[in-house]
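Visitor: coords please:
(one chain, ligands or ions: 1)
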Amino acid sequence: MEEIGYRGKHYTIPALDTAGALTIEARPGVDVDLPESSPILDKIGSVWDLENFKVPRQPVRLGHVPESARAAIHRPGMPRTLDMPIKFPGSPYRVPAAFAQLEWLLQRVADIEAVINPRHHDEFYCYMTVDQGDVPAGSLQREAPCHVDGFQGARWTPKVRINHTYTISDVLPTAYYVQPFDFTGLDEARHNFFWEMNRQVAETNSAHEWHADPWELTLMDAYTVHRGAAAPVATPRTWIRLSFEVRIFDRLGNARNPLFRYDWPMHPRDIEGLGLEVFAPDSDPSLRVFPWQDVDGNPHPDRHQRTRPNLRPRG
Ligand SMILES: [Fe+2]
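Guide: So this is what the prediction gives:
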């Protein structure tokens with residue numbers, strides 16, 4: 001395991017073996033129950049366009065993990081892993097043995113992907129994130145503002161195909177905000193869009209918050225606004241994310257898969273480094289600071305403390 005840190009953040013990069021690896025291929029024609037219409041399914045693999053935020057997006061519900069597959073997924077011991085490529089364009093899925101317990105899930109996602117994304121095999125990478133550990137009472141496994149995965153900011157010119165992401169958690173499912181977001185007047189080179197998502201959610205008092213069930217497999221896209229859920233009591237949690245992307249993820253801190261030969265220069269990347277500012281400076285201060293900052297923008301004296309956006313949930 002390797003430890004990396006920059007701008008006050010810490011990443012552990014697992015050392016993974018090549019022995020005993022899994023290879024998974026999509027099985028064509030597997031039965032998948034899909035909704036008749038979904039803005040997410042309509043836009044799979046289309047090129048990024050901010051206009052799509054105006055259409056509310058509830059993740060596509062893809063069924064629950066069968067009881068028989070849960071014990072394996074839930075079993076503690078998987079290394080914490082951030083955005084490790086497990087599929088390259090043109091390749092099958094190759095997964096180190098440390099994640100063999102995810103075989104059912106990976107096969108299921110590969111099969112669904114083959115149904116919904118005609119470009120999956122030739123054009124897409126798949127990146128896997130695994131977070132397994134104890135969530136203390138009153139906190140989030142991954143503290144973050146309202147956000148999307150795969151936001152294409154100013155660095156991405158021209159824009160490319162959007163990502164889409166499958167997630168599952170055994171407890172504390174993610175909160176999704178199924179409402180339109182309007183970014184008229186914001187400049188991607190200047191404004192922090194995630195703070196504006198916070199503000200627009202708070203404006204509705206979180207009235208459009210939606211959760212999947214524990215163990216329910218869901219699919220979101222790059223316009224699906226969400227945030228982790230806080231644990232009311234301390235609880236172990238297993239959370240898996242599989243992101244399909246046409247882009248190289250070269251962020252320093254991402255896990256490396258020894259089953260593929262690649263040598264990307266890795267770069268420190270985080271939103272703080274972009275120097276963005278708030279679009280609505282009069283909004284509640286908790287909605288426009290980074291989690292590691294207090295409401296005045298200063299780092300918390302205790303580096304484990306986090307500011308949570310006041311999204312004004314009722315009740
Ligand atoms: Fe996310």
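Visitor: The residue positioned nearest the centre of the chain - nearest residue in space that isn't next to it in sequence?
Guide: Against the mean C-alpha coordinate of the chain, by C-alpha atoms, centre = their mean, the closest residue is residue 149 at 4.8 Å. Spatial nearest neighbour of residue 149, excluding adjacent residues (C-beta to C-beta, 6 or more residues apart in numbering): residue 165 at 5.2 Å. Every C-beta, even on glycine, is put in place using the N, C-alpha and C of the backbone.
Visitor: Quick check: mean pLDDT of the helix or strand where the one you found lies?
Guide: Secondary structure from DSSP states H and E places residue 165 in strand 164-169. In this model, strand 164-169 has an average pLDDT of 97.
Visitor: Packing partners of that strand?
Guide: helix 103-116, strand 216-221, strand 235-245 (3 or more C-beta pairs under 8 Å, 6 or more residues apart in numbering; DSSP states H and E).
Visitor: any idea how far residue 166 is from residue 261?
Guide: 26 Å (C-beta to C-beta, to the nearest Å).
Visitor: Which of these two has more residues huddled nearby?
Guide: Ranked by neighbour count (other C-beta atoms under 10 Å), residue 166 and residue 261 place residue 166 first, with 23 against 7.
Visitor: The closest residue to that one other than its chain neighbours: neighbouring residues, count only.
Guide: Closest residue in space to residue 166, ignoring its immediate chain neighbours: residue 242 at 4.5 Å, by C-beta to C-beta, 6+ apart. Using other C-beta under 10 Å, residue 242 has 25 neighbouring residues.
Visitor: List the residues that contact residue 38.
Guide: 58, 60 (C-beta atoms under 8 Å, 6 or more residues apart in numbering).
Visitor: Can you check the pLDDT for it?
Guide: Here the pLDDT value assigned to residue 38 is 97.
Visitor: What of residue 43?
Guide: Note on residue 43: pLDDT of 98.
Visitor: what do you get for the one 3 residues further on?
Guide: On pLDDT, residue 46 comes in at 98.
Visitor: same deal with residue 12?
Guide: pLDDT, read off for residue 12, is 87.
Visitor: Could you report the neighbour count for it?
Guide: Residue 12: 15 surrounding residues under other C-beta under 10 Å.
Visitor: Regarding it, what is its secondary structure?
Guide: At residue 12 the chain is in strand, as set by DSSP: H, G, I helix; E, B strand; the rest coil.
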